[in-house]
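Participant: would you be able to build a 3D model of this:
(one chain, ligands or ions: 1)
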Amino acid sequence: MSDSSAPELSFEFFPPRTEAGRDRLPEVYTKLAELDPRFFSVTFGAGGTTRDFTFDAVKNISRDTGICTAPHLSCVASDKADLRRLLTQYREHGIKRIVTLRGDMPSGMLGLGEFRYARDLVDFIREETGDHFDLTVAAYPECHPQARNFEQDIDHFADKVRAGADMAITQYFFNPDAYHHFVDRVRARGVDVPILPGIMPITNYTKLARFSEMCGAEIPRWVRRQLESYGDDSDSIQAFGHEVVTRLCQQLLDQGAPGLHFYTLNQAEACTRIVSDLSLEKAGR
Ligand code: FAD
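Facilitator: Model (predicted):
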C-alpha cells in the first residue's frame, strides 16, 4: 500500500499514430507502472485530431496496468454534440478523470467552435455529468503565452478551478521559484486544489528549445548555454539534463509540491532514472 504522505507520481503520453509507436508504448507504460503512479494521462489533439488514438491508448493502458488513465480533452474547434458523445463513451468505459483543456488550434483549422476557454469545457462537463469525473486543468507558472499579464492569467486560472476543477498540472518550467510564486498567488485567491508541477526530462536540446519557444517555457540562460555547448553529444546533454531536472524535482518536493507529473514523450528511461535518484520508487512510497 502507498504511504499517503508520499509524493504522487503521474506520467503523460501522447497517442502514437504509427504502428511502430503503438507497438513500443506497452513496454514504456509497463515500466512506469512499476513506480506505482497515481494516474497516467494521454494527450488529445485540438479539434479531435487524435480522438480515436487517445481513446484507444487510454483503454489499453488502463486495461494492461489497472492504473487510472485520464484522457486529455480539448474544446477548441469542438462542438457540444460531439463532446457529449465522447463523454458518454468515456463514462461507459469506466473513465473517471479528464484533463480538461482549451487546446491550440491546429494550423489550417478555422473557427473557435462553441467553446472559447477551458473554463467553458469545465462548465459543460459539470452540467452534463455532474461529479462523475475528476477534472484536472492546466496551469502556467511562467504565464500562458497569450495572457495579457501574469495577474490576469492567475485570475482566469482561479475562475477555471472554481468552475469545478479538482486539480491542476503545470506547464513545464526549470525555475522552481516560478512554481512556488504561482502557487502562492493562487492560494492568495482562496484556491486550494493540488497543483502538480509538470516535469520535462531533458533528453534532446533541439526539440526542447523548439517546444519551449512554442509553449512559453523558459530555459534558464545557464542551462541553455551549457546544453548548446554540447552540440551533437547526446550523452552529455542527457547527463547534464538529468542532473538539472533531478535537482529541480528535489527542490520542488522539499518545498512542498504534492507530487510530480512527467511529460514522458513516450520514453520511460529518463523518468525512471529521475525517480530512482529521488528515491521515490514504490518501496519508499
Ligand atoms: P485556458 O485556461 O482557456 O487559457 C488560455 C488563455 O486564455 C490564457 O491566456 C488565459 O489567461 C486566457 N483566458 C482564460 N479565460 C479567459 C477569459 N475569460 N477572458 C480572457 N482571457 C481568458 N493541448 C492540446 O491540444 N492537447 C493536450 O492534450 C494538451 N495537454 C496539456 C496538458 C497540460 C498539463 C498543459 C499545461 C497543457 C496542455 N495542452 C494541451 C496545451 C494547452 O491546450 C495550451 O497551452 C492552450 O494554449 C491553453 O489551454 P488551457 O486549457 O490552459 O486554456
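Participant: other SSEs contacting the biggest helix by length in the chain?
Facilitator: Assignment by DSSP state H gives helix 234-254 as the longest helix of the chain. For helix 234-254, the elements it packs on are helix 176-188, strand 195-199, helix 221-229, strand 259-263, helix 269-277, judged by 3 or more Cβ pairs under 8 Å, 6 or more residues apart in numbering; DSSP states H and E. C-beta coordinates here come from the backbone N, C-alpha and C atoms, glycine included.
Participant: compute the inter-axis angle for it and strand 259-263.
Facilitator: 150 degrees (axes from the mean of the first three to the mean of the last three Cα atoms, to 10 degrees).
Participant: hmm, who's touching helix 234-254?
Facilitator: Residues from elsewhere that reach helix 234-254, judged by Cβ atoms under 8 Å, 6 or more residues apart in numbering: 7, 174, 176, 179, 197, 199-205, 223, 226-227, 230, 260, 270, 273-274, 277-278.
Participant: same question for stretch 272-285.
Facilitator: Under Cβ under 8 Å, 6+ apart, the answer for stretch 272-285 is 2-3, 6-7, 9, 31-32, 34-36, 199, 201, 242, 245-246, 249-250, 253, 260, 262.
Participant: and it, how far from the chain's centre?
Facilitator: 19 Å (Cα atoms, centre = their mean, to the nearest Å).
Participant: show me which residues of this protein sit near the ligand.
Facilitator: 43-44, 46, 72, 74, 99, 101-104, 117-119, 138, 144, 146-147, 153, 156, 160, 169, 171, 198 (Cβ under 6 Å from any ligand atom).
Participant: select from these every entry located in helices.
Facilitator: 118-119, 153, 156, 160.
Participant: now do stretch 140-152: distance from first to last residue.
Facilitator: Counting by Cα to Cα, to the nearest Å, you get 12 Å between the two ends of stretch 140-152.
Participant: so for it, what's the average pLDDT?
Facilitator: Across stretch 140-152, pLDDT averages out at 97.
Participant: same check on stretch 90-97?
Facilitator: Mean predicted lDDT for stretch 90-97 stands at 97.
Participant: again, but for stretch 17-32
Facilitator: Rounded mean pLDDT across stretch 17-32 is 96.
Participant: just stretch 164-176 next, same as before
Facilitator: On average, stretch 164-176 scores 98.
Participant: now swap in stretch 62-79 and tell me
Facilitator: pLDDT averaged over stretch 62-79 gives 95.
Participant: weed out the non-buried ones from the contacts of stretch 272-285.
Facilitator: Neighbour counting over the contacts of stretch 272-285 (16 or more other Cβ atoms under 10 Å) leaves 7, 9, 32, 35-36, 199, 201, 242, 245-246, 249, 253, 260, 262 as the buried ones.
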